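**Student:** Predicted model and sequence follow; I will ask about them next.
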Amino acid sequence: MKTETEIAVKAAVADNIKVKVSNEHITLGAVMLIAGTLLIFAVGFAEGAGGFLHNAAHDTRHAVTIPCH
């Protein structure tokens, strides 16, 4: 009987760890999505320094065959 209780406790702890890791991954994914979106908009509207940053990003899109216009 003691062994069954120990197994049940270990299973419960394992389930809690899985949920925590899953929530951390979701949070990290959301943060990365927001950061990526902000980066794309910042580069898309960058016109300072002769548009160097914008043009570099534009050329990169063409180099990886992503259509942009």
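**Tutor:** That came in fine, so what should we check first? Residues are numbered from 1 along each chain as shown.

**Student:** For the rest of this, base every contact and every neighbour count on C-alpha atoms.
**Tutor:** Will do.

**Student:** Helices of the chain, start to end?
**Tutor:** For the chain, applying DSSP state H gives helices covering 2-44, 52-63.

**Student:** which of these sits most buried?
**Tutor:** Ranked by mean neighbour count, the helices of the chain are led by helix 52-63 with a mean of 14 (mean count of other CA atoms under 10 Å).

**Student:** and it, how far out from the chain's middle?
**Tutor:** 22 Å (CA atoms, centre = their mean, to the nearest Å).

**Student:** Taking helix 2-44 as reference, get the angle to that helix.
**Tutor:** Calculated by axes from the mean of the first three to the mean of the last three CA atoms, to 10 degrees, helix 52-63 forms an angle of 110 degrees with helix 2-44.

**Student:** Does anything pack onto helix 52-63? Which helices or strands?
**Tutor:** Other elements packing on helix 52-63 under the criterion 3 or more CA pairs under 8 Å, 6 or more residues apart in numbering; DSSP states H and E are helix 2-44.

**Student:** Packing partners of the helix it packs on?
**Tutor:** With contacts taken as 3+ CA pairs under 8 Å, 6+ apart, helix 2-44 sits against helix 52-63.

**Student:** Now do the helix it packs on, average pLDDT.
**Tutor:** For helix 52-63, mean pLDDT is 77.

**Student:** Quick one: residues in contact with it.
**Tutor:** The contact list for helix 52-63 (CA atoms under 8 Å, 6 or more residues apart in numbering) reads 43-47, 67-68.

**Student:** how about the CA coordinates for that helix, as CSV?
**Tutor:** Provided in CSV are the C-alpha atoms of helix 52-63 (Å, rounded to 0.1, in the frame of the first residue of the first chain):
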residue,chain,number,x,y,z
PHE,A,52,20.5,51.1,-44.7
LEU,A,53,18.6,48.9,-42.2
HIS,A,54,15.5,48.8,-44.3
ASN,A,55,17.4,48.0,-47.5
ALA,A,56,19.4,45.3,-45.8
ALA,A,57,16.2,43.6,-44.6
HIS,A,58,14.7,44.0,-48.0
ASP,A,59,17.6,42.4,-49.7
THR,A,60,17.6,39.5,-47.1
ARG,A,61,13.9,38.9,-47.9
HIS,A,62,14.8,38.5,-51.6
ALA,A,63,17.8,36.3,-50.8
